[in-house]
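Novice: structure for this input, please:
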Amino acid sequence: MTSKLKWVDNARLLAVVGVLSFHFWLQFGEPRLTLLEMLRSAHGILSIPFQLGWTADFLFFAISGLGLGLSAARNRKGWGRFFVDRAARIYIPYWTAVVFLFAYQGVVYSIGTWDRLFVIPTTWAGWLKDILLLPQAQDTMLSTHFWFLPSLLVLYLVFPFVFRIIDKFGVAGFIVCLVLAVVSRYLNLNLGPFRMAYTSFAWSASFVIGAYVGIMLAKHPEKTDRWLIRTIPLGVLCLLIGTLLVSNDKYVWLVQPLMGFGTLSVAGALGRLPWHLPRLTAMSFEVYLIHMGFVGWYRHFFGWAIDPKSLHYVFFLVSVFIMGAGVHWVVSAIDAKVKGKKAPAPVQPLPLAVQT
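Specialist: Here you go, the predicted structure:
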C-alpha cells in the first residue's frame, strides 16, 4: 500500500508548484481574468493553472491535515513528542530561510538597485511575534507570504482534539469537526493578541477533511484509497463549484469544504499518474519559504523583457528549486546534528519545469 500513497507526495509537490506558478503570473502575466473570460480563448485556457494557482492554498492545508492524520494514526506517540516534532519541522526551515534571505537582502540592497525582501519589525512585540510565528497583521510580518505559517501552527494546536474525535467516532466525529471548522469563522470570539488567528478558520475545513482522509488511510488503506478514486468525478465538480463561488462572501461556509475536498481529490488524481519526484517533494517546504523573496530580483532581471514568458517560467522554477535545495541541505544538516546522525548529501534537483 505504501507505493500507492506516492500520490500524497505528488499532491504536496503540486501544491507548491501551483502557488509558485500563481506568484509568477502575478509578476509576469497579464491582468487576472474571470474564469469565464479565461475560457474564451486558447491562451486563456492555458493560463488557468497560473491564474487559479491560489487554489493550491486549500490543498496545502488539506495535505497538512492528511499527513498529520496518517502519521498520528500509524505512530501513536505522546502529544508532547508530536508538538516537538512539528515545531522542529516548521521552525528550523523557517529560520534557516530567514537568515539566508536576510543575508541576501543585505548584500543586494547595499547596491541600491534591488527590492527589500522583508518588512523589518519596528517594535519588540513585532519581533517577538515574528520569532514565535504568532498570528499578526500581514503588514507587520517579515514577509507577507509567510502568512500561512501562523495559521498552520493554530491548526496544529487543535489537531489532537480533531484526531481524538475522528479516531473515536469515525464519520460522525468527522462531521462534527467539519461543522465546527465551518462555523468557527462566524463566532465572535475575543482572542486578544491572537485575534489574527482567525485567518486559520478560513482553512480549517480543508485541514479537517485532510485529517479524516489521513486517519482513514491509516486504518483502512485499501478501502479508503478505492473510495478516493471512485469519488474523483465528485472532487472535480466540487472544485469547479467552489471556484465559481469563492468570490461571493455569502457562500464562504460552502466554499471551504468544497475547495478542500475538490483540490485534494483532483491533486490526488493527478498524483496517481505514473510520475514520482520524492527528492523534489522533500525540499518543497524550503522552496516555498524562499521563493517569494526573489520575485523582486526576477522582476528586475526580466524587467526589460515581456516575452517569452515560457522561458522566464522555466528559469524561475529551476533557479528557485536550486536555491531551495541549498536551504534544504542546510536544514537537513542541522536536523542531523541535533539527532546525532550523518548529514545527507546535497539534493540535486531535477528539471521540475519539464514535468509541469
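
Novice: pLDDT weak spots in the stretch 1-150 of the chain?
Specialist: Counting by pLDDT under 70, the stretch 1-150 of the chain shows low-confidence ranges at 1-4, 30-31, 112-117.

Novice: any idea which residue sits dead centre in this structure?
Specialist: For the chain, F60 is the residue whose C-alpha lies nearest the centre (Cα atoms, centre = their mean; 3.4 Å).

Novice: give me the number of residues near M292?
Specialist: Using other Cβ atoms under 10 Å, M292 has 18 neighbouring residues. In this view, the C-beta of every residue, glycine as well, is placed from N, C-alpha and C.

Novice: and what of A56?
Specialist: Using other Cβ under 10 Å, A56 has 22 neighbouring residues.

Novice: kindly report the same for R32.
Specialist: Neighbour count for R32, taken as other Cβ under 10 Å: 15.

Novice: against R12, how distant is it?
Specialist: Distance, R32 to R12, by Cβ to Cβ, to the nearest Å: 26 Å.

Novice: ok, now F321?
Specialist: Counting by Cβ to Cβ, the gap from F321 to R12 is 14 Å.

Novice: show me where the stretch 251-356 of the chain has helices.
Specialist: In the stretch 251-356 of the chain, the helices defined using DSSP state H, counting those that start in this stretch lie at 252-271, 278-282, 284-291, 295-301, 309-339, 352-355.

Novice: present those helices as a markdown table; the columns should include mean neighbour count, distance to G80 and mean pLDDT.
Specialist: Supplementary listing: the helices of the stretch 251-356 of the chain in a markdown table, determined by neighbours: other Cβ atoms under 10 Å; distance: least, Cβ to Cβ, whole Å; pLDDT from 0 to 100:
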| stretch | mean neighbour count | distance to G80 | mean pLDDT |
| --- | --- | --- | --- |
| helix 252-271 | 23 | 29 | 94 |
| helix 278-282 | 16 | 26 | 93 |
| helix 284-291 | 24 | 23 | 93 |
| helix 295-301 | 15 | 39 | 69 |
| helix 309-339 | 18 | 17 | 89 |
| helix 352-355 | 14 | 37 | 33 |
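
Novice: and of those, who's closest to Y94?
Specialist: Nearest to Y94 among the helices of the stretch 251-356 of the chain is helix 284-291 (6.5 Å), distances taken as Cβ to Cβ.

Novice: surely S21 touches Q51?
Specialist: No - using Cβ atoms under 8 Å, S21 is not in contact with Q51, being 9.2 Å away.

Novice: what about the top helix by length along the chain, distance to the chain center?
Specialist: Criterion DSSP state H: the longest helix present in the chain is helix 79-111. Distance, stretch centre to chain centre, for helix 79-111: 16 Å (Cα atoms, centre = their mean, to the nearest Å).

Novice: packing partners for it?
Specialist: Counting contacts by 3 or more Cβ pairs under 8 Å, 6 or more residues apart in numbering; DSSP states H and E, helix 79-111 packs against helix 148-169, helix 284-291, helix 309-339.

Novice: any residues touching the second one, and which ones?
Specialist: For helix 284-291, the external contacting residues (Cβ atoms under 8 Å, 6 or more residues apart in numbering) are 12-13, 15-16, 19-20, 23, 93-94, 96-97, 100-101, 146, 320-321, 323-325, 327-328, 331.

Novice: can you tell me how far E286 sits from K6?
Specialist: The gap separating E286 from K6 is 21 Å, by Cβ to Cβ.

Novice: please apply the same query to F294.
Specialist: 30 Å.

Novice: quick one: contacts for R32?
Specialist: Contacts of R32 (Cβ under 8 Å, 6+ apart): 25, 51.

Novice: in which helix or strand does it reside?
Specialist: R32 belongs to no helix or strand when assigned by DSSP states H and E.

Novice: from what I can see A181 touches V208, true?
Specialist: Yes - the pair A181 / V208 is scored as a contact, 4.8 Å apart, by Cβ under 8 Å.

Novice: of these two, which one has the most company?
Specialist: The neighbour comparison of A181 against V208 (other Cβ under 10 Å) goes to V208, with 32 against 25.

Novice: mean confidence score for the one helix or strand that one maps to?
Specialist: Secondary structure from DSSP H and E places V208 in helix 201-219. Across helix 201-219, the average pLDDT comes to 93.

Novice: buried residues in it, which are they?
Specialist: 201-218 (16 or more other Cβ atoms under 10 Å).

Novice: what's around F22, how many residues?
Specialist: Per other Cβ under 10 Å, the neighbour tally for F22 reads 20.

Novice: to clarify, my last question referred to K250.
Specialist: 8.

Novice: repeat that for L128.
Specialist: When counting by other Cβ under 10 Å, one arrives at 12 neighbours for L128.

Novice: tell me the contacts of it?
Specialist: Applying Cβ under 8 Å, 6+ apart, the residues contacting L128 are L134.

Novice: quick check: nearest residue in space to I215, chain neighbours excluded?
Specialist: Sequence neighbours aside, G69 is the residue nearest to I215 in space, at 4.2 Å (criterion: Cβ to Cβ, 6 or more residues apart in numbering).

Novice: quick one: the helix or strand where the one you found lies to helix 284-291, angle?
Specialist: G69 belongs to helix 56-74 when assigned by DSSP H and E. Angle, helix 56-74 to helix 284-291, by axes from the mean of the first three to the mean of the last three Cα atoms, to 10 degrees: 150 degrees.
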